[in-house]
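> Sequence plus predicted model, see below.
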Amino acid sequence: MRTLCPACRQPMDAEHFAGHYGRKVELDLCHHCNALWFDKLENLSLTAGGVLSLLQSMQAHYKDDRRPMPNLKHCPRCEGTLKQARRRTKDIQYTVFDCVQGHGHFITFYELLREKDCIRPLKGDKLKELRKQLDVVACSSCGAPVDLHKTAACTHCSAPLALLDPDAMAETLERLASEDDRQRNPDADRIAADMVLQRLRTESTFQKHDAIDRRAWGRSRSGGLIEWGLDALLAWLI
């Protein structure tokens, strides 16, 4: 059964993205609202490549027609009312809608872009220039109309007018692509260092067990077996 969108109550699309340890993470996306639902900790399960693919999938529907979101949003798992919350990543604040039972959270594409530091507030000369060209724009967060000559924020969801920053977007995409490449192709020096560390830990473990066995049973009973097992394991590691 398809998950219903917490906002518009339309069926959401289940899409799969790359997760840690080679797993696939299934996320519920609403292309009517251009928003998504994260089950608990799903947002932490995505690799950098998974986040990159998610942004690309949602960007493809960025200009689709959308209806204004209702004030009340419901958890798709327990049907409880979602609670609006402000979160912070470094110096960036963004808005999500949390399930009070801890099932997960709902976030719009606009707020996801804010979280990833891809947009900038629209103000000053840029806002004046936009007002010369347009009277009304659609809110990037909820889709409601915004009268540029009366306000600099959405009167429906309070989201400030913002501009997609091409430089910031390019920087974010480049960083995600670089992180994904490192995850797919781990550095050889780091792998070698991890192997040396694992070898030292293994030696230490066997030495401790060897010492315990010598105290309990005497050196003649345990030394040969421990030394043979350590040599075999190290030969396998090398």
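That came through, no problem.
> Which residues are in contact with the residue nearest the centre of the chain?
With distances taken as CA atoms, centre = their mean, N43 lies nearest the centre of the chain, 3.8 Å away. Contacts for N43 (CB atoms under 8 Å, 6 or more residues apart in numbering) come out as H105. In short, each C-beta sits where N, CA and C put it, glycine included.
> Look at it and tell me its secondary structure.
helix (DSSP: H, G, I helix; E, B strand; the rest coil).
> Which stretches in this structure count as strands?
Counting by DSSP state E, the segments of the chain that form strands are 13-18, 24-30, 35-39, 83-89, 92-98, 104-108, 119-121, 136-138, 145-147, 162-164.
> To K63, which of those lies closest?
In terms of CB to CB, the element of the strands of the chain nearest to K63 is strand 136-138, at 9.4 Å.
> For P6, which of the strands of the chain is the nearest?
That would be strand 104-108 among the strands of the chain, by CB to CB, at 4.5 Å.
> what distance separates the start and the end of stretch 136-151?
End-to-end span of stretch 136-151 (CA to CA, to the nearest Å): 10 Å.
> cool, and stretch 57-72?
Stretch 57-72 stretches 26 Å from its first residue to its last (CA to CA).
> What residues sit buried inside that stretch?
57-58, 61, 66, 68-69 (16 or more other CB atoms under 10 Å).
> Same question for stretch 24-34.
Residues of stretch 24-34 classed as buried: 25, 27-34 (neighbour count, 16+ other CB under 10 Å).
> among the residues you listed, which two are most distant?
Top of the distance list for these (CB to CB): V25 and H32, 21.7 Å.
> how many other residues sit next to L55?
Using other CB atoms under 10 Å, L55 has 19 other residues around it.
> Spell out which residues sit in contact with it, please.
112-113, 116, 172-173, 176.
> Out of those, who's the most crowded?
That'd be L113 among the contacts of L55, by other CB under 10 Å, with 24 neighbours.
> before we move on, the earlier item: let's have the buried residues of stretch 24-34 in CSV, adding pLDDT.
Formatted as CSV, the buried residues of stretch 24-34 follow (pLDDT from 0 to 100):
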residue, pLDDT
V25, 96
L27, 98
D28, 98
L29, 97
C30, 95
H31, 90
H32, 89
C33, 88
N34, 89
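> so which of the residues you listed comes closest to V136?
Nearest to V136 among those is N34, at 19.0 Å by CB to CB.
> number of nearby residues for the closest residue to the closest one other than its chain neighbours?
Of all residues not flanking N34 in the chain, F109 sits nearest, at 4.5 Å (CB to CB, 6 or more residues apart in numbering). Neighbour count for F109, taken as other CB under 10 Å: 23.
> what do you get for D135?
D135 sits with 11 neighbouring residues when counted by other CB under 10 Å.
> before we move on, what about S158?
12.
> any idea how far K126 is from it?
Computed as CB to CB, to the nearest Å, the S158 to K126 distance reads 20 Å.
> A85 and L29: what is the separation?
Plainly put, A85 is 21 Å away from L29 if you go by CB to CB.
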